[in-house]
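Novice: Could you work out the structure for the sequence below:
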Amino acid sequence: MENLVNIFIKSVFIDNMIFAYFLGMCSYLAVSKTVKTSTGLGLAVIFVLGFTVPVSYLIENYLLKEGALVWLSESFADVDLSFLSFIIFIALIASMVQLVEMVIEKFSPALYSSLGIFLPLIAVNCAILGGALFMQERAYNNIGEATAFALGSGVGWFLAIVGIAAIREKIRYSNIPDPLKGLGITFIITGLMGIAFMGFMGIKL
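Specialist: Numbering: from 1, shown residues only. A predicted model of the protein is given here:
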């Protein structure tokens, strides 16, 4: 249990998808104009990551990697389908995002309209695919660790986009030099937030 908590905290604060790896920056910058839309997109990313990464773990360990099919028969012990991991992970992410899109459109049309094109773009959000590939690279021991990593990564992305959205709402009324208005000041604030999150590297896990 302690190991799962460590993985979760590390994924949220130390290995933050935005501030440590700069993954998912396109939707982070485009949607973070209001807290409401940022919250909706952030929750959608948590849900998609929380589902796709554990399922990708099962697919990786029981279908794709060398020897994964041994549970079918000993004759499959040398079969290696890892070359299919990219396309299978992407297909899984795309299908999950489509499901999320349909649910939001059904139950929250206002949020669906405010998110616009950026909701289906979760499918090509590199933070989502990055979660699956990091899971594959780090070779977690069980599905619990993969799930803790997925949820931590999603919560970290959520905190990043909601945090920048709250700041952007406040600085809208500030006296910002014209050349820095819009994305200029957003990039500066993102850099400062990234430096601030570096302080969490001192957490002893």
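Novice: which SS class is the residue in the chain sticking out farthest from the centre?
Specialist: Going by C-alpha atoms, centre = their mean, the residue of the chain most distant from its centre is S75, 37.4 Å out. Under the three-state scheme (DSSP: H, G, I helix; E, B strand; the rest coil), S75 adopts helix.
Novice: where's it relative to L69, distance?
Specialist: When distance is defined by C-beta to C-beta, to the nearest Å, S75 is 9 Å away from L69. Placement of C-beta: from N, CA and C, glycine included.
Novice: And Q98, how far from V31?
Specialist: Distance of Q98 to V31, computed by C-beta to C-beta: 19 Å.
Novice: And I203, by the same measure?
Specialist: I203 sits 29 Å away from V31, going by C-beta to C-beta.
Novice: between these two, which one's more packed in?
Specialist: Between I203 and V31, counted using other C-beta atoms under 10 Å, the more crowded position is V31 (22 against 11).
Novice: if I pick that one, what's in contact with it?
Specialist: Counting by C-beta atoms under 8 Å, 6 or more residues apart in numbering, V31 touches 37-38, 41, 115, 118, 161, 165.
Novice: same check, this time on L64
Specialist: Counting by C-beta under 8 Å, 6+ apart, L64 touches 81-82, 84-85, 88.
Novice: at 7 Å instead, please
Specialist: For L64, the contact set (C-beta atoms under 7 Å, 6 or more residues apart in numbering) comprises 81-82, 84-85.
Novice: out of the residues you listed, which one sits closest to L92?
Specialist: Nearest to L92, judged by C-beta to C-beta, of those is S85 at 10.4 Å.
Novice: Contacts made by the helix or strand bottoming out on mean pLDDT in the chain with the rest, please.
Specialist: Lowest mean confidence among the helices and strands of the chain (mean pLDDT, DSSP states H and E): helix 109-115, at a mean of 78. Defining contact as C-beta under 7 Å, 6+ apart, one finds that helix 109-115 is touched by 31, 37, 40-41, 104-105, 119.
Novice: Tell me which of these fall in helices.
Specialist: Taking DSSP state H, the ones among the contacts of helix 109-115 that sit in helices are 31, 37, 40-41, 104-105.
Novice: So how do I select the buried members of these in ChimeraX?
Specialist: Typed into ChimeraX, the line below selects the buried ones among the ones in helices among the contacts of helix 109-115, using 16 or more other C-beta atoms under 10 Å:
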select :31,37,40,41,104
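Novice: And the ones in helices among the contacts of helix 109-115, which is closest to I93?
Specialist: Taking the ones in helices among the contacts of helix 109-115 together and measuring to I93 by C-beta to C-beta, the closest member is L41, at 15.2 Å.
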